[in-house]
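Chemist: heads up, no residue letters with this:
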C-alpha cells in the first residue's frame, strides 16, 4: 500500500506541540483554579494535534483505501468506491480543492486533511495528482464493464 500524507501534517504537529507546551508550562506554575482554563483550552487540542498529526494521510493499494483523519479513520474496499474525484470550492480570492470519494451507494466522502489551497482559481497540482493516483489504483483492480 502506498501512503500519502498532507504537507499540512507537519504544521498541525508543530501547532499542537506549541499548544501542549503552553499547557504544560501553565500547569507548572498554576496556583489558582483560574489557571485550569488555559491548561484545558490549550492542552486538549495540543495533545490531539500532537498525537494524531503524524498519522494523517491516506493509504491505498489493491485491497482498497484507508484514510486517517483528525479524530477518526475510515476504510473502504475498491468495490465500495465508484470513483475518486476532486471537490473544489472556487473563490475570487481563495480556493480549495480536496479528494472526494463517490461511493457505490450514492453517498460521498470528502478527505479534508488532504486538501490543497490556493489564491484565486490557481490549480493545486498536488491534490490533482493524488486524486489521479487513487483513481488509477481503483481502476486497476475494478472489473471493467463489458
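Modeler: That came through, no problem. This structure is a prediction, so every number in the text was calculated from the model and none was measured.

Chemist: can you tell me the centre-most residue of this protein?
Modeler: residue 113 (1.9 Å; CA atoms, centre = their mean).

Chemist: elements contacting the longest helix along the chain?
Modeler: Identified as the longest helix of the chain according to DSSP state H is helix 8-28. On a contact count with 3 or more CB pairs under 8 Å, 6 or more residues apart in numbering; DSSP states H and E, helix 8-28 meets helix 36-52. All C-beta atoms are positioned from the backbone trio N, CA, C, and that covers glycine.

Chemist: the helix it packs on vs helix 8-28, what angle?
Modeler: Interaxial angle, helix 36-52 versus helix 8-28 (axes from the mean of the first three to the mean of the last three CA atoms, to 10 degrees): 150 degrees.

Chemist: how far away from the center of its chain is helix 36-52?
Modeler: Here helix 36-52 is found 19 Å from its chain centre; the criterion is CA atoms, centre = their mean, to the nearest Å.

Chemist: over to stretch 133-146?
Modeler: Relative to its chain's centre, stretch 133-146 lies at 23 Å (CA atoms, centre = their mean).

Chemist: just the buried positions in that stretch, please.
Modeler: By neighbour count with 16 or more other CB atoms under 10 Å, stretch 133-146 contains the buried residues 134-135, 137-138.
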